[in-house]
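Engineer: Curious how this folds, go ahead:
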Amino acid sequence: MRPRPPAPLGPGTRRPRGTRLPRNARPAPGPVVLSDGATELDLHPLVFAGDGSARQAADDRGATFSYPADCFGTGRIAGAEVPCISAAQQVFFHQGYVPQPHGLADMRALRETSGVDTHF
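Structural biologist: As a prediction, the model looks like this:
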């Protein structure tokens, strides 16, 4: 996959097992703009379990969002291989809402780079 504008990637930040998520972590803390000033990546801080599944803080009350182990894959950023959410999981995450322009661009990028079918 390639980074955006807008990015189809959801790379996970691996943290030591058992590390607590900060209370202010959000499901989507916001895009990181790369040094080119135009490319954005959506980063999601995750805590991985021994079985390869992960969890992410969902709110300030301690709720979490779970990621199954089989939803992870790899992508490339500036030629470097990085862990990320699979194309199929990205499509799944983009269901159930009216897409914004960046969501449409994400799905178009997934179709072009991964050959997956999307619902919009």
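
Engineer: CA atoms for contacts and neighbours, from now on please.
Structural biologist: Noted.

Engineer: tell me which residues of the host helix or strand of D106 are tucked away?
Structural biologist: Using DSSP states H and E, D106 sits within helix 101-114. If you call a residue buried by 16 or more other Cα atoms under 10 Å, then helix 101-114 has these buried ones: 103-110.

Engineer: Could you dump the residues you listed into JSON lines and include distance to G73 and pLDDT?
Structural biologist: Below are those laid out as JSON lines (distance: Cα to Cα, whole Å; pLDDT from 0 to 100):
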{"residue": "G103", "distance to G73": "20", "pLDDT": "87"}
{"residue": "L104", "distance to G73": "21", "pLDDT": "92"}
{"residue": "A105", "distance to G73": "20", "pLDDT": "89"}
{"residue": "D106", "distance to G73": "17", "pLDDT": "86"}
{"residue": "M107", "distance to G73": "17", "pLDDT": "91"}
{"residue": "R108", "distance to G73": "19", "pLDDT": "92"}
{"residue": "A109", "distance to G73": "16", "pLDDT": "88"}
{"residue": "L110", "distance to G73": "13", "pLDDT": "89"}
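
Engineer: sorry, back to before: now the helix holding D106: how far from the chain's centre is it?
Structural biologist: 13 Å (Cα atoms, centre = their mean, to the nearest Å).

Engineer: returning to that earlier point: generate TSV for the buried residues of helix 101-114, with distance to C84 as supplementary columns.
Structural biologist: Output for those, formatted as TSV (distance: Cα to Cα, whole Å):
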residue	distance to C84
G103	17
L104	19
A105	18
D106	14
M107	16
R108	18
A109	15
L110	13
